[in-house]
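Student: Can you look at this prediction? I've put the sequence above it.
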Amino acid sequence: MVRLKDVARQAGVSITTVSHVVNQSRAVAPETRARVQRAIAALDYRPNTVARTLQSRRSRTIGMIVTSADNPFFSALIRGVEDHCFACGYSLVLCNADDVDAKQAAYLETLLERRIDGLIVMTSRNGPAFLEALNRQALPTVMLDAAATPRPDIAVVNDDSRLGARLAIEHLLAQGLEDIALLTGPADHPRSQERLAGARGALEAAGLRLPDDRLITTNLQADGGHGAMCALLKRGRRPQAVFAFNDLAAIGALRAAGASGLSLPGELSVIGYDDIDIGRYTCPALTTIHQPIYKLGATAIAQLIDRLEHDRPFDPITALPPRLVVRESVRQRQR
């Protein structure tokens, strides 16, 4: 195994100088640095990352706990995190917790054992065991799709879900669609709560009320949207439009409505939320609310690395603006 002293001998410098070049711990003259780097390349030297971690108390590793990387939304968000990690010289350890509280808590303990420098969490639900384990740590953490917290070592990055829901409802109303059903997420999820508040507010501003039978809770998966739409159609009086709180539920709803023989969007309009790539390829192509998924991930990791590298205080909460994307699944008002 090639060691620091071998590199030092090859470059004709001290072991301390090689250490400064490898760890970037002190300025080294450009010519000397170049000589050390040539020696490193010639000898194929690989730093002992475990020893470096113990010495510096930094692993340059970020942990990330998500619901499931299989979901297209999470895939795009993870890419935003991973790209920024790589650019800044950090490694990313990804854990799929499937919204199981015990699994989330167990993954947190595993990540802590690996001496991660910081943590990013994006799960649909954070159970008591996980939150208790997290609260025992003073680990810099950024949470996505979460409620604000007073803790200075935890930041929150979200989209402005209240605004996004308002944009969705206002678009439907502008097309003359007033009988609207909502396919929501779990009642205790902060983003679902915000979207419901935004939708109700937009309806109330137009002098409309949301009847109880126009509100259906789903798991925000395609099967959940499909089941919710089937249940809605069995109730008899069909709504003019459906606003699903994410695109997967909207895609499931489109499938159920089409299978029932409805003309889309002639007899039923559907609007989603997220703007995942597959939405543009549904039939009809899905009108949706675009949230900047990649940017959410990039913003979260940028804040975390800024805290780690420069000890800058977290912004307690960051809300990125969504926007409407008009495609084919919402009937257009005849002018």
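Tutor: Nice, I can see it.
Student: C-alpha from now on. contacts and neighbour counts both.
Tutor: Noted.
Student: List the buried residues in stretch 7-26.
Tutor: Neighbour counts over stretch 7-26 (16 or more other C-alpha atoms under 10 Å) mark Val7, Ala8, Gln10, Ala11, Val13, Ile15, Thr17, Val18, Ser19, Val21, Val22 as buried.
Student: tell me how far the ends of it are from each other?
Tutor: Across stretch 7-26, the terminal residues are separated by 18 Å (C-alpha to C-alpha, to the nearest Å).
Student: That stretch: how far from the chain's middle?
Tutor: When distances are taken as C-alpha atoms, centre = their mean, to the nearest Å, stretch 7-26 is centred 40 Å away from the chain's centroid.
Student: picking that back up, show me the buried residues of stretch 7-26 that map onto helices.
Tutor: When those are checked against helices (DSSP state H), the matches are Val7, Ala8, Gln10, Ala11, Ile15, Thr17, Val18, Ser19, Val21, Val22.
Student: could you dump the buried residues of stretch 7-26 to a markdown table with distance to Asp83?
Tutor: Supplementary listing: these in a markdown table, determined by distance: C-alpha to C-alpha, whole Å:
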| residue | distance to Asp83 |
| --- | --- |
| Val7 | 31 |
| Ala8 | 33 |
| Gln10 | 35 |
| Ala11 | 33 |
| Val13 | 35 |
| Ile15 | 33 |
| Thr17 | 31 |
| Val18 | 29 |
| Ser19 | 28 |
| Val21 | 25 |
| Val22 | 23 |
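Student: Please name the residues that touch Ala298.
Tutor: Under the criterion of C-alpha atoms under 8 Å, 6 or more residues apart in numbering, the neighbours of Ala298 are Leu77, Gly80, Val81, Asp83, His84.
Student: does the second one really touch Pro292, like I thought?
Tutor: No. Taking contact to mean C-alpha atoms under 8 Å, the distance of 10.2 Å between Gly80 and Pro292 leaves them out of contact.
Student: need the ones in helices among the buried residues of stretch 7-26 in CSV with pLDDT and distance to Asp70, can you?
Tutor: Rendered in CSV, the data for these read as follows (pLDDT from 0 to 100; distance: C-alpha to C-alpha, whole Å):
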residue, pLDDT, distance to Asp70
Val7, 87, 44
Ala8, 89, 47
Gln10, 89, 48
Ala11, 91, 48
Ile15, 81, 47
Thr17, 87, 46
Val18, 83, 43
Ser19, 77, 41
Val21, 81, 40
Val22, 75, 37
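Student: Columns distance to Tyr281 on top of those residues, output as CSV?
Tutor: Converted to CSV, those look like this (distance: C-alpha to C-alpha, whole Å):
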residue, distance to Tyr281
Val7, 55
Ala8, 58
Gln10, 58
Ala11, 58
Ile15, 59
Thr17, 57
Val18, 54
Ser19, 53
Val21, 51
Val22, 49
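Student: Which member of the residues you listed is positioned nearest Leu163?
Tutor: The shortest approach to Leu163 among those belongs to Val22, at 47.8 Å (C-alpha to C-alpha).
Student: Next one: the closest one from Ala42, what distance?
Tutor: Look at Val22 and Ala42: by C-alpha to C-alpha, they are 15 Å apart.
Student: Ser269 now?
Tutor: Following C-alpha to C-alpha, the distance that separates Ser269 from Ala42 is 64 Å.
Student: In terms of neighbours, single out the busier of these two.
Tutor: Between Ser269 and Ala42, counted using other C-alpha atoms under 10 Å, Ser269 has the larger neighbour count: 26 against 11.
Student: Now do the more buried one against Val22, distance only.
Tutor: Applying C-alpha to C-alpha, one obtains 59 Å for the distance of Ser269 from Val22.
Student: Could you do Phe243 as well?
Tutor: For Phe243, the distance to Val22 equals 54 Å [C-alpha to C-alpha].
Student: The stretch 101-250 of the chain: helices as residue ranges?
Tutor: 101-113, 128-135, 161-174, 190-205, 222-234, 247-259 (DSSP state H, counting those that start in this stretch).
Student: any idea which of these is most buried?
Tutor: When those are scored by mean count of other C-alpha atoms under 10 Å, the highest mean neighbour count falls to helix 247-259 (a mean of 25).
Student: angle of it against helix 222-234?
Tutor: Between the axes of helix 247-259 and helix 222-234, defined by axes from the mean of the first three to the mean of the last three C-alpha atoms, to 10 degrees, the angle is 40 degrees.
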